[in-house]
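Peer 1: Sequence and predicted structure, then a few things I'm wondering about:
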Protein chains: 2
Amino acid sequence: MKLDYPEVVDEVLKLMWPRKMKLFTAGPVACFPEVLEVMRSQMFSHRSPEYSALHKDTVLRLAEFLNAKKATVLLAPCSGTGFMEASIRNAVKLGGKVLVTSIGAFGDRYAEVVESNGRKAAVLRKPLGEPVLPEELDEALRKNSDVEAVTITHNETSTGVINPLRELAKVAKERGKLVFVDAVSSMGAIDIRVDEWCLDIVFSSSQKAFGVPPGLAMAAVSEEVFEKAKDVSDRGWYFDLIALREDLVKGWSTPSTPPIPQVAGLNAVLRIVERMGGKNSWLKMYEKRAEKIRIKVIELGLELFAKPGFYSPTITVVRTPMGLRSSDIYRSLRERGFEIAMGYGPIKEATFRIGHMGYITDQDIDDLFKELSDVLRNLKSR
Amino acid sequence: MKLDYPEVVDEVLKLMWPRKMKLFTAGPVACFPEVLEVMRSQMFSHRSPEYSALHKDTVLRLAEFLNAKKATVLLAPCSGTGFMEASIRNAVKLGGKVLVTSIGAFGDRYAEVVESNGRKAAVLRKPLGEPVLPEELDEALRKNSDVEAVTITHNETSTGVINPLRELAKVAKERGKLVFVDAVSSMGAIDIRVDEWCLDIVFSSSQKAFGVPPGLAMAAVSEEVFEKAKDVSDRGWYFDLIALREDLVKGWSTPSTPPIPQVAGLNAVLRIVERMGGKNSWLKMYEKRAEKIRIKVIELGLELFAKPGFYSPTITVVRTPMGLRSSDIYRSLRERGFEIAMGYGPIKEATFRIGHMGYITDQDIDDLFKELSDVLRNLKSR
């Protein structure tokens, strides 16, 4: 298409990208070039056969990826936190109680979502850097036998810790609780078997391990949740899971307009997964990448923040060396064209974070560590 | 960037666009080519200085467009209905009462949002095709003096009627009520003066008159709403307006990740508005386009559905000629490469709709009517 105002494109891109930057962020992350190409497709109606075809194909591919044949896969116009709110408003009665397991900032966010929506949160909180262990969850459930559901942060983006999801879910299900999983920074990077592990709501968003721009959230929802939702009166309109499923079944669409470009982007990534040899090869790529980064961190004489055995597959949190500040490391790397993430919350200066989601090559990683090594040397010698 | 899997791009685009189609939809609508160009920018962190700069520039431009200097302009990752829910959850007490004025499907949706969020809706409903008149609103407010707020659909997308917003808002404010405006299919196409008309919440979404892909919602919110929200306990997390403003003030961002590509798209459109001579010239374009379409409808011997004097600037609803079905007209035009919108709700077959939002040229309109004339002749002669 002919551009009437080509200078407008230049201006906006310059505002967004004053200079080139390699991303090792916590999300949004660098997107696959194929994804960016489909993002610029012309739009069409979300009630058209074309949109239905796109939505259906994307949902079926994602359901396959998540091993969610019995569960219903939903796409919605929101960030991952939207489905966090949906889980509480649909599957916990007003005034009902939820056991929130928190291993960092995003577990704490779940507790806020519970409380701000008129439910009660009992919080099982672990020291930063540690996961929740199955026996701890079991103990907490014994003490809080009246909770309707348990929330688990699969991967805590603020501390770089991955929880033993499968084992935790088993404990919660044995005690008859619904299991809600914040998989925002894990889905797409590590295996999640929704049906087999009996997960009730598992949600994520486009801008993390799938490497798609932000604006789209995805969830797998169990039949048990839809049954329960019928008895919850204040589900609201926007995040009503029953209505979301109705529109899916009726015409492969959503009650309110979906972010079509991001749906197309997710579709493209799921096709790339297929091309790369399927889910296992794709997950292997994530595993190798995380390992490479951890080795390089250790080679630099730095310490990992997470407890050994629970290292995140998507983000590596590093202790800031004594006497240095995370913000200085962040700023110096930015000056050299690398965007990492600063520490988060109470460990903002005590740690820095290297995200490894999305479109990152081995060369990018080598380049980052070359610069990081240099930056640390410079900062120490000041 | 080099594409490793160029065939993936082809596959997705073919799934989305099996053939070329000119859009006269109710939204999502055809986007400006400049917008689509910026949509494919690589991503970056929404906590970076780059994102803050983009967000700030977009908000300031939109505030200028909406004459919202006192009101706070917010961007959020949702569709327009998200802000509909936000208006109720933030500015009406749980169990409180709202006067919903309804002139069609989207007024009815507002009533559903009120009720499903635990508030009570008193509905002033007009026959389809008619607007709400100021004296009718005044009468309804006399009868329902206990309501906390009034909702107004500025432009009813299902009937092609525009409400006299300024006059209606005046009546509501005189009676001391908050005014919530669903401007989903009007914002960007007709003047809205937020401060001057004392509107409390006015919201829209990206995929309508601004011609940007869906996924982003925009709102202007008055100080009165933020004051009131402090006393509303169940605001929830996702649509908490106080939290949205906090993140805006703190760092020109949002509590949960914003749809960066659509923000860039909106930024590009607002720059195009400037290039076209500013807001008034841009709105003139919409006025002329709507007029041209109405004249062509009448030239074809067809009847407009809306009451004269209240014709929508963004969508023209046409009565289906006697003996024909709207679905046949829709399907025949699709076969010829034109996507209009079918009727909506109870007037689904009795009307068809020609949207005139987004990237549409005069030639496109001429082409559409040439085909429509032909389609009607063929269908009548069957």
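Peer 2: Nice, thanks for sending it over. Quick caveat: nothing in here was measured; it's all calculated off a predicted structure.
Peer 1: got a list of what A:Asn155 touches?
Peer 2: By CB atoms under 8 Å, 6 or more residues apart in numbering or on different chains, the contact set of A:Asn155 is A:161-163, A:183-186, A:189-190, A:312-315. For glycine as for every other residue, the C-beta is placed from the backbone atoms N, C-alpha and C.
Peer 1: Distance of it relative to A:Glu291?
Peer 2: From A:Asn155 across to A:Glu291, the span is 16 Å (CB to CB, to the nearest Å).
Peer 1: if we can go back for a sec, top of the contacts of A:Asn155 by number of neighbours, please.
Peer 2: A:Ile315 (34 neighbours; other CB atoms under 10 Å in any protein chain shown).
Peer 1: residues contacting the residue of the stretch 101-250 of chain A found nearest chain B?
Peer 2: Per CB to the nearest CB, A:Gly215 is where the stretch 101-250 of chain A lies closest to chain B, at 3.1 Å. A:Gly215 makes contact with A:77, A:79, A:206-207, A:259, A:261-262, B:77, B:215-216, B:258-262, according to CB under 8 Å, 6+ apart.
Peer 1: farthest pair in the residues you listed?
Peer 2: With CB to CB as the measure, no two of the contacts of A:Gly215 lie farther apart than A:Ser79 and A:Pro261, at 15.3 Å.
Peer 1: Pick out whichever of those two has more residues nearby.
Peer 2: More neighbours surround A:Pro261 than the other of A:Ser79 and A:Pro261, with 33 against 30 (other CB under 10 Å).
Peer 1: what's that one in contact with, if anything?
Peer 2: Contacts for A:Pro261 (CB under 8 Å, 6+ apart) come out as A:Val38, A:Met39, A:Arg40, A:Ser41, A:Met43, A:Pro213, A:Gly215, B:Met39, B:Pro213, B:Gly215, B:Pro261, B:Gln262.
Peer 1: returning to that earlier point: let me know the secondary structure of the residue of the stretch 101-250 of chain A closest to chain B.
Peer 2: Following DSSP: H, G, I helix; E, B strand; the rest coil, A:Gly215 is assigned to coil.
Peer 1: which non-adjacent residue is nearest it?
Peer 2: Of all residues not flanking A:Gly215 in the chain, B:Pro259 sits nearest, at 3.1 Å (CB to CB, 6 or more residues apart in numbering or on different chains).
Peer 1: A:Asp367 now?
Peer 2: A:Lys22 (6.9 Å).
Peer 1: The one you found contacts A:Ile340, doesn't it?
Peer 2: No - taking contacts as CB atoms under 8 Å, A:Lys22 lies outside contact range of A:Ile340: 9.5 Å.
Peer 1: quick one: which of those two has more around it?
Peer 2: Comparing A:Lys22 with A:Ile340 by other CB under 10 Å, the one with more neighbours is A:Ile340, at 24 against 20.
Peer 1: Need the pLDDT of that one.
Peer 2: Listed pLDDT for A:Ile340 reads 97.
Peer 1: distance of it from A:Tyr330?
Peer 2: 6 Å.
Peer 1: Name the residues contacting each of A:Lys22 and A:Ile340.
Peer 2: Common contacts of A:Lys22 and A:Ile340 (CB under 8 Å, 6+ apart): A:Leu368.
Peer 1: in the longest helix along chain A, what counts as buried?
Peer 2: With secondary structure taken from DSSP state H, chain A has its longest helix at helix A:279-299. Within helix A:279-299, the residues scored as buried using 16 or more other CB atoms under 10 Å in any protein chain shown are A:Lys279, A:Trp282, A:Leu283, A:Tyr286, A:Arg289, A:Ala290, A:Ile293, A:Arg294, A:Lys296, A:Val297.
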